[in-house]
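> Predicted model and sequence follow; I will ask about them next.
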Amino acid sequence: MHKKIYAALTLLVLFSLLLAACGPAAPVEEGPAIAAVKAPVQAEYVAGEAPAPEEPAPAPVVVKICQVTDVGGVDDKSFNATAWKGVEDAIAGLGVEGKYLESQQQTDYAKNINAFIEEGCDLIITVGFLLGEDTATAAAANPEQKFAIVDFAYDPTIDNVLGLVYATDQAAFMAGYLAAGVTQTGIVGTFGGIQIPTVTVFMDGYYLGVQYYNEVHGTDVQVLGWDPYTATGLFTGNFESTDDGRQLGEDLMDEGADIIMPVAGPVGLGTAAAVLERGNAYIVGVDTDWTVSSPEYTDIMLTSVIKKMDVSVYAASEQVINDTFAGGVYVGTLENTGVDISPFHSLDSLVSAELKAELDDVRAGIIAGEIATSP
């Protein structure tokens with residue numbers, strides 16, 4: 001009996017083992033070793049499905065601003081230099097590329113303009129009244145080329161040329177009023193480089209400022225070197241010779257002038273040198289603050305009649321970048337701060353509080369249109 005039960009149990013155990021062998025295998029937990037084996041296969045698959053690398057972005061287009069100087073040169077410490085400062089400010093502030101070509105003689109004007117057209121400049125800035133004709137000719141022949149011209153405007157205007165002009169008679173009027181209030185001899189002087197409107201406009205304002213001071217104070221301060229009503233006066237005939245500036249300065253001092261305004265670019269530095277050597281006289285600078293541009297003459301600089309050409313050149317460059325450039329005319333005035341007189345710096349003590357207050361009144365009168373600054 002026991003043998004039969006044992007045999008049955010043995011068969012039952014064998015049958016259970018047989019069933020286990022034929023069933024599904026138990027799931028195997030994926031350990032680090034298995035994951036490490038599978039990972040390369042997965043990585044290869046993902047890499048195969050990745051998109052192609054992007055093409056590099058094109059380099060940004062840099063706007064090129066190019067200046068053609070007149071014969072005074074880019075370092076004339078006057079209006080060529082001030083216009084170039086506007087380009088330099090655009091290089092620093094707007095990221096443009098800036099270049100200049102200096103004209104050694106008037107026949108270089110057209111040649112330099114055409115060289116910049118061929119180079120592909122985005123804006124060509126020509127500096128000075130004497131470049132007016134060549135700029136207009138180039139603009140007509142190249143209607144897609146943008147130009148700005150300092151100290152000149154066209155009537156009628158040209159679509160692709162922005163004229164940058166300045167009411168320097170307004171600021172020069174204030175300088176004349178100041179000179180009449182400071183002079184000790186009762187005689188002040190002026191002279192120009194070449195007798196062209198952008199020169200004589202300074203001399204007009206200076207003369208009329210003196211006359212207005214005489215009218216207000218009942219004085220008789222005289223102006224040597226220019227009469228706007230007869231359009232006669234003193235001119236060197238150039239913008240280069242400091243020797244000529246020295247000679248005219250000495251002549252004016254010999255006649256009693258103790259404040260002189262030379263309107264001749266670097267020629268005026270010859271006058272400043274003569275005044276510094278002789279003493280007992282002062283200079284009124286033009287175009288830029290001569291105390292800054294020629295600090296060696298600080299002690300004789302009463303003030304300067306400033307044309308803020310750098311500001312207008314920068315603005316023209318900005319228009320090109322913003323694609324808002326249009327031809328026409330920009331006029332710098334006392335009201336929009338396009339022109340002004342400089343601070344008195346080390347000679348501030350020469351200008352009384354009363355005279356400073358009068359100058360403020362004169363400024364307000366000019367801006368309001370109550371005081372005429374041109375004949």
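Yes, it's here.

> Any chance you could give me stretch 72-88 in PDB, C-alpha atoms only?
The C-alpha coordinates for stretch 72-88 follow below in PDB (Å, rounded to 0.1, in the frame of the first residue of the first chain):
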ATOM      1  CA  GLY A  72      41.300 122.200 -46.300                       C
ATOM      2  CA  GLY A  73      41.700 118.500 -45.500                       C
ATOM      3  CA  VAL A  74      40.200 116.300 -42.900                       C
ATOM      4  CA  ASP A  75      42.400 117.600 -40.100                       C
ATOM      5  CA  ASP A  76      41.700 121.300 -40.700                       C
ATOM      6  CA  LYS A  77      40.500 121.600 -37.100                       C
ATOM      7  CA  SER A  78      37.400 123.300 -38.600                       C
ATOM      8  CA  PHE A  79      34.500 122.200 -40.700                       C
ATOM      9  CA  ASN A  80      36.100 119.200 -42.500                       C
ATOM     10  CA  ALA A  81      37.200 117.800 -39.200                       C
ATOM     11  CA  THR A  82      33.800 118.400 -37.600                       C
ATOM     12  CA  ALA A  83      32.000 116.600 -40.400                       C
ATOM     13  CA  TRP A  84      34.500 113.700 -40.100                       C
ATOM     14  CA  LYS A  85      33.700 113.600 -36.400                       C
ATOM     15  CA  GLY A  86      30.100 112.900 -37.400                       C
ATOM     16  CA  VAL A  87      31.300 109.900 -39.400                       C
ATOM     17  CA  GLU A  88      33.500 108.700 -36.500                       C
END
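
> got a list of contacts for that stretch?
65, 67, 69-70, 96, 98, 100, 102, 125, 127-128, 150-151, 239-240, 265-266, 268-269, 286-288, 290, 293-294, 307-314, 317 (C-beta atoms under 8 Å, 6 or more residues apart in numbering). Backbone N, C-alpha and C define where each C-beta goes, glycine included.

> Now go through those residues and say which are in strands.
65, 67, 98, 100, 125, 127, 150, 286-287, 307 (DSSP state E).

> Weed out the non-buried ones from the residues you listed.
Neighbour counting by 16 or more other C-beta atoms under 10 Å classes 65, 67, 98, 100, 125, 127, 150, 286-287, 307 among the ones in strands among the contacts of stretch 72-88 as buried.

> need those in JSON lines with distance to residue 366 and pLDDT, can you?
Below are those laid out as JSON lines (distance: C-beta to C-beta, whole Å; pLDDT from 0 to 100):
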{"residue": "65", "distance to residue 366": "33", "pLDDT": "98"}
{"residue": "67", "distance to residue 366": "31", "pLDDT": "98"}
{"residue": "98", "distance to residue 366": "34", "pLDDT": "98"}
{"residue": "100", "distance to residue 366": "34", "pLDDT": "98"}
{"residue": "125", "distance to residue 366": "28", "pLDDT": "98"}
{"residue": "127", "distance to residue 366": "26", "pLDDT": "97"}
{"residue": "150", "distance to residue 366": "23", "pLDDT": "97"}
{"residue": "286", "distance to residue 366": "18", "pLDDT": "96"}
{"residue": "287", "distance to residue 366": "19", "pLDDT": "92"}
{"residue": "307", "distance to residue 366": "16", "pLDDT": "94"}
